[in-house]
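Visitor: For reference, the sequence and a predicted model appear below.
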Amino acid sequence: MKRIINSVLIATITAGVMISCGSREQKQAAPVSDKPTLQDSGRSILFPPDSLTLSYFKTVPAGKSDLNAMLTAPARVVATVVKAIDASGQNLVLFDNADLTANYTELLQHIINIRQKAGIIQQKNAIVNQKKIELARFQDLANHGAGTGKDVSDAKTDVISAQTDMEVAQTELANEKTAIIEHESRLKLAGFDPQALAHAPLNKVWVICDMPENQVTKVKEGNNCTLHFTSYPNQSFTGTIEDIGEVVDNITRMVKLRIGINDNNKQLRAGMYAMVKFGVNEGNSLSVPKEAVITVQGKNYVFVKSGDRQFSRREVLTGAQINDRFIVYNGIQEGDQVVIEGAMELKGISFGY
């Protein structure tokens with residue numbers, strides 16, 4: 001009887017132990033995860049319920065607003081206009097570059113030569129017309145028996161000679177016009193208008209500014225700008241954009257802007273350096289704070305809160321940075337809640353860093 005009771009007790013204890021172990025194994029088989037779940041190759045991040053991590057992320061809505069910015073670019077005074085010593089009435093342009101001075105001098109000489117050649121051609125043309133009149137008179141006299149064939153022949157020779165002289169003068173004029181093109185091209189590449197140089201007003205100052213090609217479309221001819229010169233740190237000057245260069249430098253990818261200043265007080269000198277400020281209006285554009293934008297392998301992304309516990313990675317095409325915001329052309333819509341705090345952490349989770 002005693003043996004039977006002991007056997008029952010042992011069986012009971014063994015069953016209890018097995019039930020207890022089975023219950024423990026069942027609890028360990030289904031632990032509660034506190035890690036986010038990645039979907040769509042990391043483009044979507046889903047956090048578990050009651051995750052303390054969610055309180056770390058802060059978002060703001062992407063919105064449209066009228067953005068204004070101030071572009072700055074280095075510049076220097078490359079030419080000033082002073083009064084010539086002689087009484088020719090032609091003002092003198094002083095450059096900070098010897099090559100430009102040589103091209104400018106050659107330009108003026110060619111302009112003078114062209115004027116002279118044009119005057120000579122007018123004279124030669126008048127002579128040709130006169131010789132033609134004389135030829136017609138001698139022919140009329142010969143037709144009426146009052147002249148000789150020799151007179152007509154000599155008159156024809158005079159007409160041909162006068163025409164030849166005029167053609168020579170026309171060729172010389174064409175050569176002058178061809179030669180001037182070289183100097184005009186060099187001056188244009190330096191940012192100057194050859195015609196403006198030839199008729200430069202007194203006390204005019206020209207400043208050349210180098211602007212990146214991706215910014216040049218934001219400025220327009222005729223717009224005003226503000227200049228601060230190193231020589232006058234406490235004074236600002238107002239200039240006007242007179243010309244935007246037609247050539248992009250193949251190495252620096254810069255475009256030259258010519259800015260005109262009326263220096264009636266004669267303060268500026270060729271070679272002085274300055275910083276130019278251009279006011280730019282980007283219009284009513286969709287933008288996000290700069291903290292929302294992350295970059296991976298040359299592409300820009302933002303994270304958008306797409307649910308209570310879910311964030312979505314969006315590739316965006318961004319434009320210029322205006323103050324502390326980036327313009328966004330596509331990838332998100334107005335009103336999307338973009339992450340501005342915790343974006344770097346989401347980047348690590350999304351891309352597996």
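Guide: Arrived safely.
Visitor: how far does the biggest helix by length in the chain sit from the chain's center?
Guide: Identified as the longest helix of the chain according to DSSP state H is helix 98-143. Offset of helix 98-143 from its chain centre (CA atoms, centre = their mean, to the nearest Å): 46 Å.
Visitor: packing partners for it?
Guide: Helix 98-143 is packed against strand 92-95, helix 149-189, helix 194-198, with contacts defined by 3 or more CB pairs under 8 Å, 6 or more residues apart in numbering; DSSP states H and E. From N, CA and C alone the C-beta is placed, and that goes for glycine too.
Visitor: What mean pLDDT does the last one get?
Guide: The pLDDT scores in helix 194-198 average 81.
Visitor: Which residues does that helix contact?
Guide: Applying CB atoms under 8 Å, 6 or more residues apart in numbering, the contact partners of helix 194-198 are Ala79, Val93, Tyr104, Leu107, Leu108, Ile111, His183, Glu184, Leu187, Lys188, Glu242.
Visitor: Identify, from those, the entry nearest to Val255.
Guide: Lys188 (12.8 Å; CB to CB).
Visitor: so where's this protein shaky on pLDDT?
Guide: 1-34, 86-89, 281-282 (pLDDT under 70).
Visitor: in its sheet, what does the biggest strand by length in it sit against?
Guide: Counting by DSSP state E, the longest strand found in the chain is strand 63-82. Applying DSSP bridges to the sheet, strand 63-82 is found paired with strand 92-95 (antiparallel), strand 204-212 (antiparallel), strand 273-289 (antiparallel).
Visitor: thinking again about what came up before, quick one: which of the helices and strands packed on helix 98-143 is nearest Glu134?
Guide: helix 149-189 (5.3 Å).
Visitor: okay, the angle between the closest one and helix 98-143?
Guide: Interaxial angle, helix 149-189 versus helix 98-143 (axes from the mean of the first three to the mean of the last three CA atoms, to 10 degrees): 160 degrees.
Visitor: can you pull the contacts of Lys204?
Guide: Lys204 neighbours (CB under 8 Å, 6+ apart): Thr80, Val81, Gly260, Ile261, Asn262, Asp263.
Visitor: What about the third one, how many residues nearby?
Guide: When you say that, I think you mean Gly260. Using other CB atoms under 10 Å, Gly260 has 16 other residues around it.
Visitor: what's the answer for the fourth one, then?
Guide: Other residues within reach of Ile261 by the criterion other CB under 10 Å amount to 21.
Visitor: same question, the last one
Guide: Asp263 is surrounded by 17 other residues when neighbours are defined as other CB under 10 Å.
Visitor: And it, how close does it get to Leu227?
Guide: Distance, Asp263 to Leu227, by CB to CB, to the nearest Å: 11 Å.
Visitor: Helix, strand, or coil at Asn214?
Guide: With DSSP: H, G, I helix; E, B strand; the rest coil as the basis, Asn214 sits in coil.
Visitor: If the closest residue to Leu346 other than its chain neighbours is in a bridge, with which residues?
Guide: Once flanking residues are discounted, Leu346 sits nearest to Phe303: 4.7 Å by CB to CB, 6 or more residues apart in numbering. Taking DSSP bridges as the rule, Phe303 bridges to Arg313.
Visitor: contacting residues around Phe303?
Guide: Phe303 touches 45, 292, 294, 311-314, 338-339, 343, 346-347, 350, counting by CB under 8 Å, 6+ apart.
Visitor: what's the answer for Ala343, then?
Guide: Glu291, Ala292, Ile294, Val302, Phe303.
Visitor: ok, and the closest non-adjacent residue to the second one?
Guide: Spelled out, that is Ala292. Closest to Ala292 by CB to CB, 6+ apart is Val338, at 4.4 Å.
Visitor: That neighbour: neighbouring residues, count only.
Guide: 23.
Visitor: repeat for Pro36
Guide: Counted with other CB under 10 Å, Pro36 comes out at 20.
Visitor: again, but for the one 3 residues further on
Guide: Using other CB under 10 Å, the number of residues around Gln39 comes to 12.
Visitor: ok so, going back, what separates the residue nearest to Leu346 from Gln333, distance-wise?
Guide: To Gln333, Phe303 is 15 Å away according to CB to CB.
Visitor: now swap in Leu92 and tell me
Guide: 60 Å.
Visitor: How far away from the center of its chain is the longest strand of the chain?
Guide: 11 Å.
Visitor: Reformat the contacts of Lys204 into JSON lines and put distance to Asp140 next to each item.
Guide: Output for those, formatted as JSON lines (distance: CB to CB, whole Å):
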{"residue": "Thr80", "distance to Asp140": "64"}
{"residue": "Val81", "distance to Asp140": "59"}
{"residue": "Gly260", "distance to Asp140": "62"}
{"residue": "Ile261", "distance to Asp140": "67"}
{"residue": "Asn262", "distance to Asp140": "64"}
{"residue": "Asp263", "distance to Asp140": "67"}
